[in-house]
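In: I'd like to go over a predicted model; first the sequence, then the structure.
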Amino acid sequence: MKRFLLLALTLFLTLPLFALDRHPQADTIGMTVTRTYRTIQTTIFVEQIMDSIVSIDAYTGEQRITTVTFDTLIGEETVERIDTTFFITEPLRFWRLESNTSAGLNMTARGYWDGMSGNNLLSLDLQNISSALFERGLSTWRTDFNWRYTTQTQGGEFRNWLKTHDVISLQSRYGFIASPHWRYSSQFQFQTQLTRTFPSVAAREESRNNYSSRFLAPATLSFSLGMERVNTARTVRLLLSPITYRATFVRDESFEIRERLGVLRRDPISGEFRDSSAHWLHTLGLMAQLENTHNLTSSIRFSSNLMVFADVLHRSEPFILFDWRFGIDVQLSRLFSLGIGTHVIYNPNVFFNTRLNGDPFPGPTRRWQFQQGLMFRFTHRITN
């Protein structure tokens, strides 16, 4: 299994290097350009879609077209003559790099988020989101890196700071254009955290071993194959994957932590662990992911990311993982913004020891996890 995953990851990361243009240059259909620019998309779709030359501007994200004239179209597929004039100021760049680093203060409300619940009036949030986009011919390769660390005061005392959120993730996806809006797609994702998470300040002060999670405990790995649909303006992305592999790794030796994260399973009759040495949980199933980003106004931005995964491997009961992020950002100036966001997770593999009227439930239970926040932040952006 490890050799297979290593081989799949190697092929996935090297495929974009072999992507070549398979269509003639745009000047064969009457387009006027001065040098080699981003014209391959027009070449592919101009004979299939009547308004492709106009829509390509938004499809590639380039604002370069100043004159587009259609003379005669026969039917829906045959182009008799097209006169176009492109005034392009920049040559084609295959790589686009972007990095956003932000620091902010926020108010948060949490429910069973990594075992913690309650409201807080002051949290310090640090985040970096970096991306690299490669486009050439029919191929698109995008890699995103995200790191976020949040700490907040406890009990209204400024000296009692406790880390409440810590995530480091790497996502890489490769797409090969099959039609104007559909791509063959593969996606790889890895996520874990850097430091230990404690349920409370008291638990941390009592012992450094009272943590609920730490680096590689857990770590999640996923690999998906499917079809991806992207709209013309690139504001909506839908990934449908009939084959998705997800794995959870917990390096910790604690029975309690491995059981809470779903790696250890008990026999329903005897109550004993089926495999007390287990550190991996493997799942295979179907996955759908919908990303939606819109500029409501020039200063208000809406974003949503919904992922649903259904496991079909060795399951005697329904297993559906739900992860939804929603946010609205208001740009106050070039560097400062105000945002409100919600993150909801339901993971059947994660269990919590909860209490009702002071009495514990009979054994760990599954819970919806959520956190909401209102943040004022400073953001510095770097792009090529």
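Out: It's in.
In: C-alpha only now, for contacts and for neighbours.
Out: Will do.
In: give me the contact list for the helix or strand harbouring residue 309.
Out: Using DSSP states H and E, residue 309 sits within strand 300-311. The contact list for strand 300-311 (C-alpha atoms under 8 Å, 6 or more residues apart in numbering) reads 283-296, 318-331.
In: paired strands for it, with orientation please.
Out: Strand 300-311 sits in its sheet next to strand 280-295 (antiparallel), strand 320-331 (antiparallel), going by DSSP bridges.
In: quick check: mean pLDDT of the last one?
Out: Looking back up the chat, that one is strand 320-331. Per-residue pLDDT over strand 320-331 has a mean of 95.
In: re the thing from before, are any of the contacts of strand 300-311 buried, and which?
Out: 283-291, 293, 319-320, 322-331 (16 or more other C-alpha atoms under 10 Å).
In: distance of residue 345 from residue 327?
Out: 15 Å (C-alpha to C-alpha, to the nearest Å).
In: so residue 264 belongs to a strand, correct?
Out: No - the assignment for residue 264, made by DSSP: H, G, I helix; E, B strand; the rest coil, is coil rather than a strand.
In: sec struct for the residue nearest to it when sequence neighbours are not counted, please.
Out: Distance criterion C-alpha to C-alpha, 6 or more residues apart in numbering; nearest residue to residue 264, sequence neighbours excluded, is residue 258 at 5.6 Å. Secondary structure, three-state DSSP: residue 258 is helix.
In: and residue 258, how close does it get to residue 163?
Out: In terms of C-alpha to C-alpha, residue 258 sits 21 Å off from residue 163.
In: more neighbours: those two, which one.
Out: Using other C-alpha atoms under 10 Å, the more surrounded residue of residue 258 and residue 163 is residue 258, with 25 against 20.
In: residue contacts, the more buried one?
Out: Contacts of residue 258 (C-alpha under 8 Å, 6+ apart): 250, 252, 264, 279.
In: nearest to residue 230 among the residues you listed?
Out: residue 250 (35.2 Å; C-alpha to C-alpha).
In: for the closest one, phi and psi?
Out: Main-chain dihedrals, residue 250, degrees, to the nearest 10: phi -130, psi 110.
In: begin at 21 from here
Out: New numbering, starting at 21: the last item is residue 270.
In: that one against residue 297, yeah?
Out: No - between residue 270 and residue 297 there is no contact under C-alpha atoms under 8 Å: 11.0 Å.
In: who's more crowded, these two?
Out: Shown here are residue 270 and residue 297; by other C-alpha under 10 Å, residue 270 has more neighbours (25 against 12).
In: re the thing from before, buried stuff in the strand holding residue 329?
Out: For strand 320-331, the buried set under the neighbour-count rule, 16+ other C-alpha under 10 Å, comprises 320-327, 329-331.
In: cool, and stretch 262-278?
Out: Buried-residue list, stretch 262-278, by 16+ other C-alpha under 10 Å: 264-272, 277-278.
In: residue contacts, residue 356?
Out: Residue 356 touches 396-399, counting by C-alpha under 8 Å, 6+ apart.
In: count of neighbours near residue 203?
Out: Neighbours of residue 203 (other C-alpha under 10 Å): 21.
In: quick one, what contacts the closest residue to it other than its chain neighbours?
Out: Nearest non-adjacent residue to residue 203, counting by C-alpha to C-alpha, 6+ apart: residue 197, 4.3 Å away. By C-alpha under 8 Å, 6+ apart, residue 197 lies in contact with 158-159, 203-204.
In: let's verify residue 266: helix, strand, or coil?
Out: Per three-state DSSP, residue 266 ends up strand.
In: residues near the closest residue to it other than its chain neighbours, how many?
Out: Excluding the flanking residues, the one nearest residue 266 by C-alpha to C-alpha, 6+ apart is residue 242, at 4.3 Å. Other residues within reach of residue 242, judged by other C-alpha under 10 Å, total 18.
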